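>>> Quick one: sequence and predicted model below, then my questions.
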Amino acid sequence: MADIIIGRQQIFDQNLDIYAYELLFRGNDFDLNHKDDATQATNQIITDTLLEIGLNTIVGQNKAFINFTTQNILDKTPLHLPKDRVVVEVLESVEVDANIVANLKELSDLGYIIALDDFVFSDAWTPLVEFADIIKLDIMEMGEAKTRELIKRLEPYKVKLLAEKVETYAEYQYLLGLGCEYFQGFFFNKPNIVSGKRISVNQTSAIQLLNTVNNPDVEFEDLTKIISLDVGLSYKLLHYINSAFFALPNKVSSINHAISYLGLKEIKRWVNIMTLASISDKPEAVMQNALIRGKMCEELASLGGAKSDHFFLIGILSNLDSLLDMPLDEALSQLPLADDIVSAILHKKGLGGEALKCVISYEHWDISLIAFKDIDQALIGEAYIKSISWAKDIIANIN
């Protein structure tokens, strides 16, 4: 993986459950604007994802959308991939001719899912619509009027519509109404702010717990008392620490034992995670993203030789607006956080802010801004993959 970094972007179904991830990749030695390099890059990501990282590590049990160039399709590269796990995404730059149509039809007949990227009707592409499974609509590029027109024109065909570059819940809702079945973009990770929204009683209790656990003067005894008085937290802590995640030689039977084993730093991390998970009814992807941000911020701090105590907290709290559906500054104002933590989250100031900026840039695949201190981009990419794997294990053990 020394010459390539891999990212991913969620693709949701109508219920906002994750259907798939589009795999994103950038090679230090590739110019993806050059067709030969782009073909090589696709081949490289297949090798890295399947052989070195493992498909399950980066996309779990979900499907993976992979971009294929003209040459990839002529070479029948998708045949090297499991048809039940991947979606063959045909780039808009593909030069469609009889050979391309024939090869894609062969893949379709074999059971591969075919998706057409950034679709626009043309004589050359029309034969592909006859057997394609998914058509991706760039709603930002087309605008609402052209989007409606294209959807209307596609009605006679047996294709599912995937709206990409969806930026707000309002866009998601109107596209849902137009019949789109899949959605890609950053709308899921933004608050759906409702004027006059109040925090519920349960959320208030959770925020009080966050207040306590993130107080710099908190003691072991304080946390033991809080957890012991909450049956739900007690059960979840014991379940968590007794899970395969820790592989303990002996089962832990008391809260004191559990807290002593984890240590103050880890128990604070766990309470932060559990508390955030309890305050929102958002899709699991939102919590997962908060965990990835937190862990990746911490990994960057470690790689850069910075003191990492607050980096995890900065990462997970940067998603608090999405979890609570309120402005981030308002959500953070309810926590007794140090000024430098708030400044890092809101204004990307200080080393914590620089790490968060790098993580969000990676999340958005803004390659030019994926930087922290003098860390090589390949190491940043490895930190991202490690954070995905860690977040997946955490989610599996806190439910």
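Here it is on my side, so go on.

>>> now for the helix or strand harbouring Tyr19, which elements pack on it?
Using DSSP states H and E, Tyr19 sits in strand 18-27. The elements that strand 18-27 packs onto, with contact taken as 3 or more C-beta pairs under 8 Å, 6 or more residues apart in numbering; DSSP states H and E, are strand 4-12, helix 35-47, helix 55-59, strand 63-68, strand 182-184. Glycine gets a C-beta too; all of them are placed from N, C-alpha and C.

>>> change it to 7 Å
Packed against strand 18-27 by the contact rule (3 or more C-beta pairs under 7 Å, 6 or more residues apart in numbering; DSSP states H and E) you find strand 4-12, helix 35-47, strand 63-68.

>>> For Ile18, find the nearest of those.
Proximity to Ile18 (C-beta to C-beta) singles out strand 4-12 among the helices and strands packed on strand 18-27, at 5.4 Å.

>>> what's the angle between that closest one and strand 18-27?
Per axes from the mean of the first three to the mean of the last three C-alpha atoms, to 10 degrees, the angle that strand 4-12 makes with strand 18-27 is 160 degrees.

>>> what angle separates strand 4-12 from strand 63-68?
Interaxial angle, strand 4-12 versus strand 63-68 (the same axes, to 10 degrees): 130 degrees.

>>> so of the helices and strands packed on strand 18-27, which one's packed in deepest?
Among these, judged by mean count of other C-beta atoms under 10 Å, the one packed with the most neighbours on average is strand 63-68 (a mean of 24).

>>> Can you name the residues bridging to Glu22?
When bridges are called by DSSP bridges, Glu22 pairs up with Gln9, Phe65.

>>> How confident was the prediction at it?
Glu22 is assigned 94 on the pLDDT scale.

>>> rewinding a little: any idea how far the strand holding Tyr19 is from the middle of the chain?
10 Å (C-alpha atoms, centre = their mean, to the nearest Å).

>>> Going by neighbour count, list what's buried in it.
18-27 (16 or more other C-beta atoms under 10 Å).

>>> hang on, the earlier thing: would you single out the least confident of the helices and strands packed on strand 18-27?
helix 35-47 (a mean of 67).

>>> So what's the residue count around Leu356?
Leu356 has 26 neighbours, counted by other C-beta atoms under 10 Å.

>>> Go ahead and confirm it touches Ser318.
Yes. If you go by C-beta atoms under 7 Å, Leu356 and Ser318 touch, sitting 5.7 Å apart.

>>> Now do whichever strand or helix holds Leu356 against strand 18-27, angle only.
Using DSSP H and E, Leu356 sits in helix 350-364. Angle of helix 350-364 versus strand 18-27, following the same axes, to 10 degrees, is 110 degrees.

>>> heads up, I number from 853, so please use that
In the new numbering, first residue 853, that becomes helix 1202-1216.

>>> which parts of helix 1202-1216 are buried?
For helix 1202-1216, by 16+ other C-beta under 10 Å, it's 1202-1215.

>>> which pair in the residues you listed spans the largest distance?
Gly1202 and Glu1215 (19.7 Å).

>>> For Ile1119, give me the pLDDT.
Residue-level confidence at Ile1119 comes out at 81, pLDDT.

>>> So it: helix, strand or coil?
Using DSSP: H, G, I helix; E, B strand; the rest coil as the criterion, the local structure at Ile1119 reads helix.

>>> hang on, the earlier thing: and for Leu1208 and Ser1170, which residues touch both?
Residues touching both Leu1208 and Ser1170 (C-beta atoms under 7 Å, 6 or more residues apart in numbering): Ile1197.

>>> Pull out the buried positions in stretch 1028-1044.
Residues 1030, 1032-1044 are the ones in stretch 1028-1044 that count as buried (16+ other C-beta under 10 Å).

>>> got a markdown table for these, with pLDDT too?
Compiled in a markdown table, the buried residues of stretch 1028-1044 are given as follows (pLDDT from 0 to 100):
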| residue | pLDDT |
| --- | --- |
| Leu1030 | 95 |
| Cys1032 | 97 |
| Glu1033 | 97 |
| Tyr1034 | 98 |
| Phe1035 | 97 |
| Gln1036 | 96 |
| Gly1037 | 93 |
| Phe1038 | 90 |
| Phe1039 | 89 |
| Phe1040 | 84 |
| Asn1041 | 81 |
| Lys1042 | 81 |
| Pro1043 | 77 |
| Asn1044 | 73 |
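
>>> Of the residues you listed, which is the nearest to Thr1127?
Proximity of these to Thr1127 (C-beta to C-beta) peaks at Pro1043, which lies at 18.2 Å.

>>> Quick check: closest non-adjacent residue to the closest one.
Asp1173 (4.3 Å; C-beta to C-beta, 6 or more residues apart in numbering).

>>> Just the CA atoms of whichever strand or helix holds that neighbour, as PDB, please.
Under the criterion of DSSP H and E, Asp1173 resides in helix 1172-1176. Only the C-alpha atoms of helix 1172-1176 are listed here, as PDB (Å, rounded to 0.1, in the frame of the first residue of the first chain):
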ATOM      1  CA  LEU A1172     -22.400  16.300  17.900                       C
ATOM      2  CA  ASP A1173     -24.500  18.600  15.800                       C
ATOM      3  CA  SER A1174     -25.500  15.600  13.600                       C
ATOM      4  CA  LEU A1175     -26.300  13.500  16.600                       C
ATOM      5  CA  LEU A1176     -28.500  16.200  18.300                       C
END
